[in-house]
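> Sequence first, predicted coordinates after that:
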Amino acid sequence: MDRLAGELASPSLFAAERLLVVRDASAVLEGKERDKGKRAAEALLACLRSSWDRATSLLLCLASSSEPRGVLADYVRAHGTLTWMPLPAPPKPWEDVRLSEEQRRTLKRLLKRTVPPILAHEEVVEVLLDHFGFKPRQLVQTAERVLLAGQLDAQKLRAELGPPERSIEELEKALLERKGERLARFLAALLAGGELVNWRGERISPTSVAPLLGATLHRLLRNALAMREVARRAGLADELDARRCAAPRWYATTFQKRLHPLLERQIGAAAGCELADASLWQRHRAFRLAAAYSDDELRRALAALSRWIPEREREGNSALAIFSEVLLGLVISRPAGGDRAGGEEFPTAGPPAAGLRPKKALGPGRPPAAGGPFRG
């Protein structure tokens, strides 16, 4: 603060006008330590009022979820120099999109202001939006370069940009939906050199990708296995049905209001339960994952993952290839008879899949045994 005040009060010998930029002004505009932040703001405000060299411009920047408040913000606002630029809301957790509609509109407005000719090439714009997501700076820079070079073929541009970044959240979604094709696309993008970002959008270094995926999968599987046991103790075994969990508004109307209070009592009664520190949303995801797989499937996957641990420290794509085998083996497997995986039934019509032991066939005219159709 002393240095900043000195710069504001001292005219330059070499420049008639100057611009001072504080990249992170949260200490004075949104202090975490209220007393310390308030004192810093008052000290800067006193400097601006008494000894500010008017040939020097000061730009205070911060990322905030709400418009700045306080004595310093009021002073800047009174001079008409406070600019509040709220960011569009990201996609909701249940929306299966890379960009929300509001984010797309914001980015297109940005392109219209900075690189307007690019909007005439809709397919190219879609490739750029799909690749970068909500990264305005990289989007504009690449749009300018593409326009300058005349590279306006969408397919060639997609090949040049390579695979887009992938979020670790996609791994959980693919497991929840039990979609092998979605999981294969996720893994293929990483194997092709795509970057992985964590839940907060932070880039993961290439050497940390395989260990992080392994740790994440291990945690998800343990939580799902624990949730299946908790659900049984709470008398909710029949609720472990993937189709029920996928119903519209199931989270708000069924899990949050009816199921979670019963589960919470069992989680609190079980000493050392892995779900004790999980949030309501995390428990709901664990319940959905528990409904998608059987106990046997989860245990087999955990065992395979444990055998894979020494291999995950390998460099390059070999560790990802081994991880892919474990992951795809879980998603495309079929539950054993008598161990439901959330209500999904697999009829035995036609030849049995490789590696599956066919059930004993029923004789002509005999009804199926109680419990429903046979499962492979």
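Looks like it arrived, so ask away.

> Just the terminal-to-terminal distance for stretch 283-301.
By Cα to Cα, to the nearest Å, the extent of stretch 283-301 from end to end equals 20 Å.

> Only the buried residues of that stretch, if you could.
Neighbour-count burial for stretch 283-301 flags 283-295, 297-298, 300-301 (criterion: 16 or more other Cβ atoms under 10 Å). Where you see a C-beta, it was placed from the backbone N, CA and C, and this is true even at glycine.

> Please flag which of these sit within strands.
Among those, none falls in strands (DSSP state E).

> List the buried residues for stretch 223-239?
Buried residues in stretch 223-239 (16+ other Cβ under 10 Å): 223, 224, 225, 226, 227, 228, 230, 231, 233, 234, 236, 239.

> The last one reaches residue 259, doesn't it?
Pointing back at residue 239 there. Yes: using Cβ atoms under 8 Å as the test, residue 239 is close enough to residue 259 to be in contact (6.1 Å).

> Near residue 194, how many other residues are there?
A count of nearby residues for residue 194, using other Cβ atoms under 10 Å, gives 17.

> Tell me how far it lies from residue 164.
Between residue 194 and residue 164 the computed distance is 6 Å (Cβ to Cβ, to the nearest Å).

> Likewise for residue 56?
Residue 56 is 42 Å from residue 164, by Cβ to Cβ.

> now do residue 277
For residue 277, the distance to residue 164 - Cβ to Cβ - is 33 Å.

> Show me what the lengthiest helix in the chain is packed up against.
Among the segments of the chain that qualify as a helix by DSSP state H, the longest is helix 206-233. Helix 206-233 sits against helix 169-177, strand 196-197, helix 260-269, helix 280-292, helix 295-308, helix 317-331, with contacts defined as 3 or more Cβ pairs under 8 Å, 6 or more residues apart in numbering; DSSP states H and E.

> wait, which of these is closest to residue 112?
Proximity to residue 112, assessed across these by Cβ to Cβ, is greatest for strand 196-197 (27.3 Å).

> residues in contact with that closest one?
Residues from elsewhere that reach strand 196-197, judged by Cβ atoms under 8 Å, 6 or more residues apart in numbering: 165, 166, 167, 168, 190, 203, 204, 209, 212, 213.

> again, only using 10 Å
Defining contact as Cβ atoms under 10 Å, 6 or more residues apart in numbering, one finds that strand 196-197 is touched by 133, 165-171, 186, 189-190, 202-206, 208-210, 212-213.

> which stretches of this protein form strands?
Under DSSP E, the chain gives strands at 18-22, 56-60, 166-167, 196-197, 203-204.

> Identify each buried residue in the second one, please.
Counting neighbours by 16+ other Cβ under 10 Å, one finds that the buried residues in strand 56-60 are 56, 58, 60.

> hey, what's the first one bridged with?
Translated: residue 56. residue 18 (DSSP bridges).

> now the strands of the chain in JSON lines, with distance to residue 152 and mean pLDDT?
As requested, the strands of the chain are exported to JSON lines (distance: least, Cβ to Cβ, whole Å; pLDDT from 0 to 100):
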{"stretch": "strand 18-22", "distance to residue 152": "36", "mean pLDDT": "90"}
{"stretch": "strand 56-60", "distance to residue 152": "36", "mean pLDDT": "88"}
{"stretch": "strand 166-167", "distance to residue 152": "26", "mean pLDDT": "86"}
{"stretch": "strand 196-197", "distance to residue 152": "28", "mean pLDDT": "86"}
{"stretch": "strand 203-204", "distance to residue 152": "29", "mean pLDDT": "84"}
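
> quick one: the closest residue in space to residue 218 that isn't next to it in sequence from residue 221, how far?
Distances taken as Cβ to Cβ, 6 or more residues apart in numbering place residue 305 nearest to residue 218, at 5.7 Å, with adjacent residues excluded. In this view, residue 305 and residue 221 are 7 Å apart by Cβ to Cβ.

> How about residue 73: what's its closest non-neighbour residue?
Using Cβ to Cβ, 6+ apart, the closest residue to residue 73 is residue 29 (6.0 Å).

> Kindly apply the preceding question to residue 20 instead.
Using Cβ to Cβ, 6+ apart, the closest residue to residue 20 is residue 58 (5.0 Å).

> picking that back up, which neighbours do residue 305 and residue 221 share?
Common neighbours of residue 305 and residue 221 (Cβ under 10 Å, 6+ apart) are residue 330.

> What's the local residue count around residue 220?
There are 19 residues near residue 220, going by other Cβ under 10 Å.

> Was I right to think it contacts residue 171?
Yes: if you go by Cβ atoms under 10 Å, residue 220 and residue 171 touch, sitting 8.1 Å apart.

> list the contacts for the residue nearest to residue 73?
22, 37, 40-41, 44, 60-62, 64, 68-70, 72-73, 76, 82.

> Would you show me how to pick out the buried ones of these in PyMOL?
To isolate the buried ones among those in PyMOL, judged by 16+ other Cβ under 10 Å, type:
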select buried, resi 22+37+40+41+44+60+68+70+72+73+76+82
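
> Narrow the contacts of residue 29 to those in helices?
37, 40, 41, 44, 72, 73, 76.

> Not counting its neighbours along the chain, what's nearest the fourth one?
Nearest residue to residue 44, sequence neighbours excluded (Cβ to Cβ, 6+ apart): residue 28, at 5.5 Å.

> ok, now how distant is the one you found from residue 50?
For residue 28 relative to residue 50 (Cβ to Cβ), the value is 17 Å.

> what about the two, which has more around it?
A count of neighbours by other Cβ under 10 Å puts residue 28 above the other of residue 28 and residue 50, at 27 against 9.
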